[in-house]
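> below is the structure, and that's it, no one-letter string:
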């Protein structure tokens with residue numbers, strides 16, 4: 001049993017990763033699920049380098065396993081190397097579990113190999129390592145990890161809002177009074193915050209109107225309400241507003257203009273715009289009643 005856990009399984013583990021690495025270098029893979037592609041997309045670098053790291057880890061486990069089996073070094077070093085690899089893979093697999101709608105089968109195979117090696121080598125150290133792995137997995141659940149998911153599932157109105165935003169309540173009341181159907185998207189969702197920040201919107205509410213392949217985006221309670229009162233006038237207002245914004249951006253009056261603009265941009269994110277057209281969503285919390293402060 002000791003030879004299997006210290007030598008045989010580590011060698012099979014290396015072969016498993018080596019085969020996947022070879023296939024990936026030849027534009028193929030043991031795993032053909034979308035979860036595998038999403039797992040690669042979560043990395044800061046090309047996923048092939050993670051395979052190389054895995055192969056290096058497997059080689060280290062083999063060498064330490066052989067030396068431990070021949071009693072050249074302490075078995076504790078073998079348990080330390082395997083345990084560290086297992087904790088590393090727990091972080092990778094745990095993050096993938098919360099961030100990806102589908103798991104990578106190959107990654108789960110790597111984890112299964114490490115579990116089998118440590119369990120057969122020493123149930124005692126396996127139990128200790130699993131306590132650490134469980135704590136890592138649980139701690140990841142406390143983080144607000146963005147999960148890719150479609151918000152605009154069909155045609156209609158989608159309102160990015162907060163229950164604690166007075167400007168949002170004003171828009172929702174108007175839409176309810178005029179029987180305008182809409183779907184709420186909470187700004188507390190990290191995906192919604194990333195979307196608003198990507199558009200350089202610093203306040204809510206934000207209305208998304210999806211019609212076939214066209215999406216219209218309107219920011220601010222007044223502009224949203226006006227878009228329903230007079231769609232044609234609202235469209236012209238948005239066009240003229242965008243033109244004026246571009247003109248203002250192209251005019252610089254000394255260095256003070258740029259400095260005040262940068263300060264205003266930062267303040268807008270937290271306090272809302274100077275025109276008071278919405279709530280600065282960076283400061284919203286459940287205790288607030290006046291979001292303009």
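Received it, and whenever you're ready, just let me know what you need. No experiment lies behind these values; they were computed from the predicted model shown. Numbers count the residues shown, from 1 in each chain.
> give the residue spans of the chain that score low on pLDDT.
Across the chain, residues meeting the criterion (pLDDT under 70) sit at 33-35, 38, 101, 146-151, 231-278, 280-293.
> from the chain's centre, how far out does stretch 62-78 sit?
Put simply, stretch 62-78 sits 40 Å off its chain's centre (Cα atoms, centre = their mean, to the nearest Å).
> in that stretch, which of the residues would be classed as buried?
When burial is assessed from 16 or more other Cβ atoms under 10 Å, stretch 62-78 yields the following buried residues: 62, 64-69, 75, 78. From N, CA and C alone the C-beta is placed, and that goes for glycine too.
> now swap in stretch 100-111 and tell me
Residues of stretch 100-111 classed as buried by neighbour count (16+ other Cβ under 10 Å): 100, 103-104, 106-111.
> ends of it, what's the gap?
Looking at stretch 100-111, the gap from its leading to its trailing residue is 17 Å under the measure Cα to Cα, to the nearest Å.
> just give me how far it sits from the chain centre.
17 Å.
> one more: stretch 199-207?
Per Cα atoms, centre = their mean, the displacement of stretch 199-207 from the mean C-alpha position of its chain is 20 Å.
> distance between the ends of it?
Across its full length, stretch 199-207 reaches 13 Å between end residues, using Cα to Cα.
> and residue 62, how far is that from residue 157?
Noted for residue 62: a distance of 59 Å to residue 157, by Cβ to Cβ, to the nearest Å.
> same question, residue 136
Using Cβ to Cβ, one gets 41 Å for the distance from residue 136 to residue 157.
> do residue 73 as well
The separation that residue 73 has from residue 157, given Cβ to Cβ, amounts to 67 Å.
> same question, residue 209
Residue 209 is 6 Å from residue 157, where distance means Cβ to Cβ.
> shared neighbours of these two, which are they?
None of the residues lies in contact with both residue 209 and residue 157 under the rule Cβ atoms under 8 Å, 6 or more residues apart in numbering.
> circling back: export the buried residues of stretch 100-111 to TSV and tack on secondary structure?
Supplementary listing: the buried residues of stretch 100-111 in TSV, determined by DSSP: H, G, I helix; E, B strand; the rest coil:
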residue	secondary structure
100	coil
103	coil
104	coil
106	helix
107	helix
108	helix
109	helix
110	helix
111	helix
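> what packs against the helix or strand containing residue 118?
In this assignment (DSSP states H and E), residue 118 forms part of helix 105-121. Under the contact definition 3 or more Cβ pairs under 8 Å, 6 or more residues apart in numbering; DSSP states H and E, helix 105-121 sits against helix 9-25, helix 34-41, helix 75-99, helix 123-141.
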